[in-house]
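Colleague: Have a look; sequence and predicted model below, questions after that.
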Amino acid sequence: MSLSAAILGFLRIEPTSGYLLRKRFEHSVGSFWSVTQSQIYRELHALESQQSVVGEREAGDGKPDRVVYALTARGEAELDAWLEAAVDPVRLRHPLLLKLVLAADVEPRVLDGILADYAEGVAATRSEYTDRLALGEIFALARSEREAALWRLSIEHGLAWCDAELAWVARARQELASPQLAPERGRR
């Protein structure tokens, strides 16, 4: 339900086309929720068949026609129910941790390189979060100070996650550099 709920939520802010919905995802929640254009259209068609949204074709003034989607009363009720429902904690599936658990025989320099590359990627993600906080266009759609604060807090959560990951990687690299933790020779 998360993708459909996100679409319903964006349509509550303002009716829009599938193309602009993709832009809304990219510019607001793209740092923690990814979606493709085809997923958006597939979900919009499903929501329309469930009568949660209604699409209205608009002439494109020299451009192709577009369909602008809006919430129906049913869509509003579905979104409200989703927003008010409890959220289960995230079940972490972390490829790096799986690799780490199985890496006892990996050469220290190779494992350190993997950790360094991961940290570089997390640092880039952190930079994206920082840039998002500075983008006025993200917060321009907010309908109230409360809504803007909620959006800001979601981005700050991403920053805190990146900071925790970077601190952990630095600690792991330091600990694994210890000669006492070198792999045993001839184990493979």
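Modeller: Yes, it's here.

Colleague: for V54, helix, strand, or coil?
Modeller: Following DSSP: H, G, I helix; E, B strand; the rest coil, V54 is assigned to strand.

Colleague: ok, now how distant is it from L20?
Modeller: From V54 across to L20, the span is 16 Å (C-beta to C-beta, to the nearest Å). For the C-beta atoms, the positions are set from N, CA and C on the backbone; glycine is no exception.

Colleague: So which helix or strand of the protein has the lowest pLDDT on average?
Modeller: Least confident helix or strand, the chain: helix 136-140 with a mean of 80, by mean pLDDT, DSSP states H and E.

Colleague: mind listing what's buried in that helix?
Modeller: By 16 or more other C-beta atoms under 10 Å, the buried positions in helix 136-140 come out as I138, F139.

Colleague: What helices and strands are in contact with it?
Modeller: Helix 136-140 sits against helix 145-176, with contacts defined as 3 or more C-beta pairs under 8 Å, 6 or more residues apart in numbering; DSSP states H and E.

Colleague: Please identify the buried residues of the helix it packs on?
Modeller: For helix 145-176, the neighbour count (16+ other C-beta under 10 Å) marks W151, S154, I155, G158, L159, C162, E165, L166, V169, A172 as buried.
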